[in-house]
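# Compute the structure for the input listed below.
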Amino acid sequence: MRHHNGSKPLLPSSRGNPQQHQKQTVGTTTWIIFLVFSSCISFYVGVWVAWSIQPPGGDSAAVGSVKNDASSNELCLSAINGGGGELGKRVGDALQLKIDRALKIQCPSNNNKQPDQPLDCTRLCLDAIKGDENGDLGIKVGDLLDVKIKKALDEKKCPSLSSQDTTTKPRFPNSVSHFANGLVTINRKDMFDTYDFGVPINSGAENEDILMIYDSTRALPSDKDIAHAAQYSDDIPHVSAVDATANCETMNVIFVKNPGRRQCMAIVGGQYQGYHIQRWMRLVGSGAHGKIDASVPLKQVSRMTKSDGYDELLLPKTKHLALHREILMSYLTNLNDLQEELKAILTKIAINNTVVVMTVNKGQSELLLNWYCSAKSRGFDTSNVLLFPTDQFSKDLADGLGLATVYDEKLMHLIPSEEAARYGDNTFGMIMMAKVICVQLVNELGVDMLFQDVDVIWYKNPLEYFQSSERTNEFDVYFQDDGNRQERYAPYAANSGFYFVRSNERTQLLFRSMLYQGDLIFACRSHQQILISLLSETNSFAGLTVKVLSRDEDDFPGGYHYHMRKDFIRQMIKKENDPFIFHMSWTLNKVNKLEFMKQMGMWYVQETCVGKPAADIMSEASDASSGIAGPCCSAEAIITCHYRDKPSAVPCKDSPPKDKGQHSFW
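Residues are numbered from 1 along each chain as shown. Prediction:
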């Protein structure tokens with residue numbers, strides 16, 4: 001924090017740069033004006049000091065008694081500031097009058113300028129007023145005022161200007177004092193280290209600050225110097241997160257990021273407390289046709305609207321409502337039977353009241369098989385895994401692997417059995433609904449769970465992370481960081497394919513709400529952005545605590561790291577880092593997903609088993625005692641090269657590039 005001991009100059013300060021032959025003229029003009037100003041200022045300061053010390057009709061005894069009173073500092077400072085500001089205005093007016101007169105005397109009108117007159121006198125005089133190479137006139141006038149005021153105060157035994165903080169102008173005007181009475185900055189990393197907000201902390205935090213606005217002086221930091229600097233127009237004080245919040249009884253946290261546009265933030269006091277941010281943009285068009293137009297007025301828009309005006313929220317149509325209604329009616333009609341069946345299974349398989357939940361259809365079945373084979377190759381216990389297959393093909397495969405299953409054909413018959421052709425298509429959206437149903441069913445019955453997609457590989461048992469003593473009841477939900485920072489995923493950027501849930505009233509509210517958002521899921525063809533919006537709402541409404549495991553940490557990498565953090569992948573291949581899992585997200589379709597996993601050494605399924613029904617696999621097996629795992633699972637990763645420019649466990653230099661013009665990863 002920096003304190004200013006000197007007064008600010010009354011006149012602006014800048015350097016003139018007259019030509020060499022003008023120096024003498026400028027110097028003479030400067031000192032003439034300076035002498036005129038000095039006389040004027042001396043007169044007004046004398047009048048002002050006399051007025052301040054003994055106003056007409058005032059009681060001199062009363063004034064004298066102020067010297068030893070606790071409020072003398074305030075009275076003297078009030079006098080210095082000119083009471084209500086009238087003195088400052090009069091001195092300013094007088095100075096302006098003197099300047100105008102000096103200009104008229106020294107500078108003939110440009111209209112009457114003689115053709116042979118070599119100098120632009122008006123500019124010369126203005127340069128002299130602003131300052132020349134011999135000194136700054138504004139500073140000299142300010143210094144003169146300081147001397148006069150200090151001398152007058154010393155004569156009356158008032159506290160010296162040098163012995164007190166002269167910064168007495170409030171930082172905020174009185175009109176906003178109902179919500180703004182002080183301001184400090186706090187290092188962003190320090191703030192996140194002190195208060196885990198759950199959102200992933202972005203890079204550069206150690207070099208950036210946050211703003212803390214205090215709506216009450218009682219909430220200011222305890223240190224008097226810091227509290228004073230926070231309230232008045234000095235440099236904004238920088239303090240630690242602990243000190244900044246020591247007297248805060250409540251703290252509202254707002255996350256903002258400049259989207260590359262001219263963004264403004266309006267904090268509106270005097271209203272009911274709000275827990276949502278309204279977004280306004282200069283927008284023309286709507287949906288995919290929206291675009292920014294600086295010539296149109298601001299209007300309210302969806303929070304899903306990107307900075308270029310494209311609204312990524314697709315509202316449900318009649319067909320989406322009808323489909324959701326059909327699934328929901330089937331769910332509610334069969335709910336009692338489903339819960340009874342599920343209770344019996346959970347009681348049998350849950351370990352420490354926790355299960356691992358997955359769902360799969362026929363089109364993704366080889367990924368389920370791969371997860372199981374890779375887990376077994378590392379010796380992981382899969383007895384608490386619960387699978388929700390959406391078709392008979394997947395159920396038979398899971399049964400052959402010895403996994404517990406819950407399959408209700410009446411509930412799942414609308415879910416397609418084929419894989420999605422690409423991320424975000426209609427089939428993809430339908431499969432997302434299956435994820436919502438299985439999570440909600442388990443969560444409602446009071447059992448904690450790890451939900452994961454089938455394109456995950458375990459290197460260490462992730463339950464050990466979430467069930468460690470240091471994280472017991474720390475957060476209600478933990479999510480892998482998706483890595484994507486689009487507006488529609490703000491503020492959590494949670495990946496909906498890997499997360500841990502503690503069953504309680506808050507998480508049950510979250511996933512019941514998610515169940516009733518099926519029409520939006522079908523419209524948007526993904527449940528990720530809907531889930532993230534409900535995380536924010538339930539956090540605000542019910543105090544749900546959410547933790548996103550930052551992409552900048554090593555424990556839970558995924559597609560972001562595969563495509564954007566090749567340094568991390570190289571360390572992973574060399575076993576220089578030690579992640580719990582790897583999630584092969586960020587792929588366009590299943591074909592890409594399998595290719596990337598195979599060349600990364602994440603594939604453990606024999607090709608002879610891919611796409612085959614369980615019965616066919618078993619009929620061809622020479623030894624049926626080990627079930628499907630025997631003929632289908634490899635103890636070691638099966639590595640196959642596909643693209644030289646994508647990360648791979650071995651050099652793939654002879655393979656074509658996936659992206660045109662890209663160099664080999666190796």
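
# pretty sure I617 contacts G630?
No - contact criterion C-beta atoms under 8 Å: I617 and G630 do not qualify, at 9.5 Å. From N, CA and C alone the C-beta is placed, and that goes for glycine too.

# out of the two, which sits in the busier spot?
Between I617 and G630, I617 has the larger neighbour count (other C-beta atoms under 10 Å), namely 22 against 14.

# in what helix or strand does the more buried one lie?
In the assignment (DSSP states H and E), I617 maps to helix 614-620.

# and if you look at Q339?
Going by DSSP H and E, Q339 is part of helix 335-349.

# tell me what the next helix or strand after that helix is packed against?
Moving toward the C-terminus from helix 335-349, the next helix or strand (DSSP H and E) is strand 354-360. Secondary-structure packing of strand 354-360 (3 or more C-beta pairs under 8 Å, 6 or more residues apart in numbering; DSSP states H and E): helix 365-377, strand 385-389, helix 426-444, strand 448-452.

# switch to 7 Å and redo it
strand 385-389, helix 426-444, strand 448-452 (3 or more C-beta pairs under 7 Å, 6 or more residues apart in numbering; DSSP states H and E).

# Count the residues that sit near K435.
Other residues near K435 come to 21 when the count uses other C-beta under 10 Å.

# Please name the nearest non-neighbouring residue to it.
T359 (5.7 Å; C-beta to C-beta, 6 or more residues apart in numbering).

# Report the separation between that neighbour and A434.
With distances taken as C-beta to C-beta, to the nearest Å, T359 is found 5 Å from A434.

# Now for the two: what residues contact both?
Contact criterion C-beta atoms under 7 Å, 6 or more residues apart in numbering; residues shared by T359 and A434: 388, 390.

# Helix or strand next in line after the helix holding I617, which one?
helix 629-632.

# who touches that next one?
With contacts defined as C-beta under 7 Å, 6+ apart, helix 629-632 is touched by 369, 372-373, 376, 401, 605-606, 609, 617, 621, 623.

# what about it, distance to the chain center?
Distance of helix 629-632 from its chain centroid, counting by C-alpha atoms, centre = their mean, to the nearest Å, is 47 Å.

# List the buried residues for stretch 331-349?
Neighbour counts over stretch 331-349 (16 or more other C-beta atoms under 10 Å) mark 331, 338, 342, 346, 349 as buried.

# which among those residues gets closest to D554?
D554 lies nearest to I349 out of the buried residues of stretch 331-349, by C-beta to C-beta, at 30.5 Å.

# how close does that closest one sit to A614?
Distance, I349 to A614, using C-beta to C-beta: 20 Å.

# Kindly indicate whether the most centrally placed residue in the chain is helix, strand or coil.
Nearest to the mean C-alpha position of the chain, by C-alpha atoms, centre = their mean, lies F255 at 4.3 Å. Recorded secondary structure, F255: coil (DSSP: H, G, I helix; E, B strand; the rest coil).

# could you list every residue that touches it?
F255 sits in contact with 199, 491, where contact means C-beta under 7 Å, 6+ apart.

# Please work out the average pLDDT along the helix holding Q339.
In this model, helix 335-349 has an average pLDDT of 96.

# Other residues contacting it?
Helix 335-349 is contacted by residues 355, 383-384, 386, 404, 406, 408, 441, 445, 447 when judged by C-beta under 7 Å, 6+ apart.

# count of residues packed around the spatially closest residue to A180 that is not a sequence neighbour?
Closest residue in space to A180, ignoring its immediate chain neighbours: F172 at 4.4 Å, by C-beta to C-beta, 6+ apart. By the measure other C-beta under 10 Å, the count of residues near F172 is 17.

# so what's the spatially closest residue to V199 that is not a sequence neighbour up against?
Closest residue to V199 apart from its sequence neighbours, by C-beta to C-beta, 6+ apart: P491 at 4.9 Å. Contact analysis of P491 by C-beta under 7 Å, 6+ apart lists 199, 255, 536.

# could you measure P491 against Y275, distance?
Relative to Y275, P491 is positioned 13 Å away (C-beta to C-beta).

# Same question for F255.
Counting by C-beta to C-beta, the gap from F255 to Y275 is 13 Å.

# low-confidence ranges in the chain?
By pLDDT under 70, the low-scoring segments of the chain are 1-167, 259, 420-425.

# Count the residues that sit near the closest residue to T305 other than its chain neighbours.
Distances taken as C-beta to C-beta, 6+ apart place D311 nearest to T305, at 4.6 Å, with adjacent residues excluded. Using other C-beta under 10 Å, the number of residues around D311 comes to 22.

# thinking again about what came up before, of T359 and A434, who's got more company?
Shown here are T359 and A434; by other C-beta under 10 Å, T359 has more neighbours (28 against 21).

# what does stretch 282-299 rub up against?
Residues outside stretch 282-299 that contact it (C-beta under 7 Å, 6+ apart): 280-281, 301, 305, 308-311.

# Just the buried ones from those?
281, 301, 305, 309-311.

# from those, which is closest to D193?
T305 (32.8 Å).

# so who does the closest one touch?
Taking C-beta under 7 Å, 6+ apart as the test, what T305 contacts is 279, 281, 290, 311.

# so how far is A614 from the last one?
Same thing as D311. Distance from D311 to A614, counting by C-beta to C-beta: 45 Å.

# Equivalent analysis for the first one, please.
Taking C-beta to C-beta as the criterion, R279 is separated from A614 by 51 Å.

# Tell me which of these two has more neighbours.
Counted by other C-beta under 10 Å, R279 and A614 do not tie: A614 has more neighbours, with 22 against 14.

# for that one, what are its contacts?
A614 makes contact with 396-397, 400, 628, according to C-beta under 7 Å, 6+ apart.

# filter these to the buried ones?
Among the contacts of A614, those classed as buried by 16+ other C-beta under 10 Å are 396-397, 400, 628.

# Can you show me the strands along the stretch 101-250 of the chain?
182-187, 209-214 (DSSP state E, counting those that start in this stretch).

# before we move on, the earlier item: could you dump the buried ones among the contacts of stretch 282-299 into a markdown table with distance to Q508 and secondary structure added?
Shown next, in a markdown table, are the buried ones among the contacts of stretch 282-299 (distance: C-beta to C-beta, whole Å; DSSP: H, G, I helix; E, B strand; the rest coil):
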| residue | distance to Q508 | secondary structure |
| --- | --- | --- |
| M281 | 36 | strand |
| V301 | 32 | strand |
| T305 | 31 | strand |
| G309 | 38 | coil |
| Y310 | 35 | coil |
| D311 | 31 | strand |
